[in-house]
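Undergrad: below is the structure, and that's it, no one-letter string:
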């Protein structure tokens with residue numbers, strides 16, 4: 001009986017220590033890393049975190065960046081730093097991710113586009129805009145261009161999510177979504193008691209041994225996720241790795257990721273009912289390792305769409321070939337602001 005009580009007491013102590021470790025770490029992360037941007041309130045106690053860089057010329061556009069389905073403003077770190085040298089820029093964290101508040105609406109492109117527009121108005125970030133979206137973020141930017149066409153001068157879609165590849169159009173991938181939701185849900189209590197902090201700090205800031213062991217406990221799914229994370233985050237500048245670790249240490253991140261994944265079928269249905277973008281130039285960057293978009297798919301996107309193949313890229317073109325993305329944005333800025341030619345060269 002004494003042994004049982006001792007084990008219960010030890011378990012409770014470890015849980016308490018883990019909870020305290022997570023709380024202190026989260027508070028410290030916010031102080032260390034979040035100060036470079038600001039929070040914009042768009043509803044009662046609902047705040048989106050935005051990072052602005054560069055100075056917008058009087059008639060020039062602001063470049064808005066929208067990240068992939070579980071990514072944050074950090075995904076654009078290098079691109080935004082460079083583009084900010086010749087025009088104003090803004091990246092942000094969607095509701096449920098990064099430093100932003102937990103989401104209050106389903107994570108569908110239309111809901112997110114409305115929230116983004118509300119945030120821009122509240123923040124005083126005025127149009128015209130050049131929209132840049134990667135993967136799922138490409139769907140958001142398409143919806144934004146349709147909802148607010150008078151505020152948009154051009155759109156850059158970086159390997160946008162292909163709706164035909166996901167449920168309900170492709171029900172064979174429902175198991176993949178279900179696995180993503182399950183793993184995200186599994187990670188929430190792990191993060192709450194500090195184990196996710198131990199794992200991601202080990203992975204991104206130390207040797208990775210703890211992360212490997214925790215992934216092994218999670219089975220093949222955990223090892224698969226660890227491999228993808230190591231490969232993709234490894235392409236990002238090393239100075240942002242501690243901030244990525246801070247984001248991935250938060251229970252709210254996994255809750256937000258689960259909500260994004262759960263909304264994929266509804267996002268696909270929404271995009272199927274969406275009209276093409278009309279009168280706004282759209283550039284689509286497609287990885288050389290993927291099949292190019294068909295003429296029919298390009299027509300669904302808009303009536304003035306050009307496709308460029310990024311020969312040396314996989315899905316993360318902005319990390320594999322950042323110069324291609326930067327040069328594409330520069331050309332859009334020059335086209336929208338002739339007087340910016342000298343500064344953009």
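TA: On my side now, so go ahead. What you are looking at is a predicted structure, and each value in this text was computed from that prediction instead of being measured. Residues are numbered from 1 along each chain as shown.

Undergrad: helix/strand/coil for the residue nearest the centre of the chain?
TA: Residue closest to the average C-alpha location in the chain (Cα atoms, centre = their mean): residue 71, at 2.7 Å. For residue 71, the assignment made with DSSP: H, G, I helix; E, B strand; the rest coil gives coil.

Undergrad: before we move on, what about residue 332?
TA: Residue 332 - assigned by three-state DSSP - is helix.

Undergrad: hang on, it packs against residue 130?
TA: Yes. Between residue 332 and residue 130 a contact is recorded at 5.1 Å, counting by Cβ atoms under 8 Å. From N, CA and C alone the C-beta is placed, and that goes for glycine too.

Undergrad: find the residues that touch each one of these two.
TA: Both residue 332 and residue 130 are contacted by 61, 153, 154, 156, under the criterion Cβ atoms under 8 Å, 6 or more residues apart in numbering.

Undergrad: report the buried residues of stretch 126-134.
TA: 127, 128, 129, 130, 131, 132, 133, 134 (16 or more other Cβ atoms under 10 Å).

Undergrad: would you map the helices across the stretch 101-250 of the chain?
TA: For the stretch 101-250 of the chain, applying DSSP state H, counting those that start in this stretch gives helices covering 109-123, 136-147, 174-192, 195-205, 209-217, 220-233, 241-248.

Undergrad: between those helices, which one is closest to residue 280.
TA: Smallest distance to residue 280 across those (Cβ to Cβ): 5.7 Å, for helix 136-147.

Undergrad: low pLDDT regions in the protein?
TA: 1-18, 56-59, 202-231, 338-345 (pLDDT under 70).

Undergrad: repeat the analysis, applying 50 as the threshold.
TA: Applying pLDDT under 50 to the chain flags the ranges 10, 207-227, 340-345.

Undergrad: domains of it?
TA: Annotated domains of the chain cover 42-169+269-344, 171-262 [automatic domain parsing].

Undergrad: ends of the last one, what's the gap?
TA: Across its full length, domain 171-262 reaches 14 Å end to end, with Cα to Cα, to the nearest Å as the criterion.

Undergrad: what's the answer for stretch 54-70, then?
TA: Note: stretch 54-70 ends 26 Å apart using Cα to Cα.

Undergrad: what residues of it count as buried?
TA: Residues 54, 56, 60-70 are the ones in stretch 54-70 that count as buried (16+ other Cβ under 10 Å).

Undergrad: out of these, which comes closest to residue 201?
TA: Of all the buried residues of stretch 54-70, residue 201 sits closest to residue 70, with 18.7 Å by Cβ to Cβ.
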